[in-house]
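J.: coordinates only, sequence not included:
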């Protein structure tokens, strides 16, 4: 098939030039047999077709392009003369057999009629090879650019994700240090939960996971916070089955829940209830994290610049989804703050019950 594709354009040239020669002779008032024109054209163009691969290889080896354009140009000038000489000699030799005529006569015919065609053909072949090389190099660089951009985006996402780990880790270790002298059993339970949670984080190298898996990881975190705040903290999770197979950024809920806890029960006396909800429509999935014992003391936009959790969550959403995702916070009445995320819905494999509801105290 490659040979046929290669020969098709040469065969087209054979017929085009055979018709041209016939038309030229017809204008002059004398023509040969149509088969003669076809035979002469076949000899000329198929001879050039046989020599063309050598031109392609030479152009690949010695390209006429910066910064060596002038260095290799004389070589190609010499090669064009050699190409034309070879085409004339081979064509004359083949014609001497097909025409049953003297070689010198055929050589004289080819020298007078086909040298210019052979020279032009050489430079056309060089141009074609240079163009092929240019477009291949352009496509290669475009692909390389896309790959590098993808790798850079993944690196930025990984950095953002890893910045969240110490943020949660330091708070948990501080709580364990506080409990270890007073309630060693609870401190040990908290440490084991932290170990399991960190193992899950380290084993997960994907930027997106199913919401059902995200809620499982969140459950490990909430177990730690349940030990820390005891009966002062109530957690409610409500997610319908239609959302559980939705792709969400891994570790997207934990920093938001941590903010809700730290800015709610962590700063205000009394009890608090943190609610996590998930619902969707045809195109989007919506996640909400609410607490009932805090106030929004700054403008919503300013809240994203004052802490690592919200700012990193916004950056991760921008890197993953661009303008297709959004995150914002609102004050609740009479007390409380809600953080709401909108993501484009895309299903991934997940198996879960019809509805997830949880209440932890």
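T.: Structure's in. What do you need? As the structure is a computational prediction, the values presented were derived from the model and not from experiment.
J.: got the contact list for residue 14?
T.: By Cβ atoms under 8 Å, 6 or more residues apart in numbering, residue 14 lies in contact with 38, 41, 42, 45, 46. The C-beta positions use only the backbone N, C-alpha and C, and glycine is treated the same way.
J.: what is the nearest of those to residue 113?
T.: The shortest approach to residue 113 among the contacts of residue 14 belongs to residue 41, at 11.6 Å (Cβ to Cβ).
J.: now that closest one, nearest residue through space, not along the chain?
T.: Leaving aside its sequence neighbours, residue 41 sits nearest to residue 18 (Cβ to Cβ, 6 or more residues apart in numbering; 4.0 Å).
J.: check which residues of the helix or strand that contains the one you found are buried.
T.: Residue 18 is located in helix 2-28, with elements delineated by DSSP states H and E. For helix 2-28, the neighbour count (16 or more other Cβ atoms under 10 Å) marks 10, 13, 14, 17, 18, 21, 22 as buried.
J.: what's near enough to touch the closest residue to the last one other than its chain neighbours?
T.: When the adjacent residues along the chain are set aside, residue 22 lies closest to residue 37, with 4.8 Å between them (Cβ to Cβ, 6+ apart). For residue 37, the contacting residues are 18, 19, 21, 22, by Cβ under 8 Å, 6+ apart.
J.: can you name the two of those that sit furthest apart?
T.: 19 and 21 (7.5 Å).
J.: just the helices in the stretch 1-150 of the chain please.
T.: 2-28, 34-61, 69-98, 103-113, 115-182 (DSSP state H, counting those that start in this stretch).
J.: pick the most deeply packed of those.
T.: Scoring those by mean neighbour count under mean count of other Cβ atoms under 10 Å gives helix 34-61 as the most buried, with a mean of 18.
J.: where's residue 83 relative to residue 53, distance?
T.: 12 Å (Cβ to Cβ, to the nearest Å).
J.: one more: residue 269?
T.: Note on residue 269: its distance to residue 53, by Cβ to Cβ, is 86 Å.
J.: one more: residue 180?
T.: Distance, residue 180 to residue 53, using Cβ to Cβ: 79 Å.
J.: and residue 297, how many neighbours?
T.: 11 (other Cβ atoms under 10 Å).
J.: got phi/psi on it?
T.: phi -90, psi -10 (degrees, to the nearest 10).
J.: check residue 247 too.
T.: Dihedral angles for residue 247 - degrees, to the nearest 10 - are phi -80, psi 130.
J.: not counting sequence-adjacent ones, nearest residue to residue 232?
T.: Nearest one to residue 232, counting by Cβ to Cβ, 6+ apart, is residue 271 at 5.0 Å.
J.: doesn't residue 233 make contact with that neighbour?
T.: Yes: between residue 271 and residue 233 a contact is recorded at 7.2 Å, counting by Cβ atoms under 8 Å.
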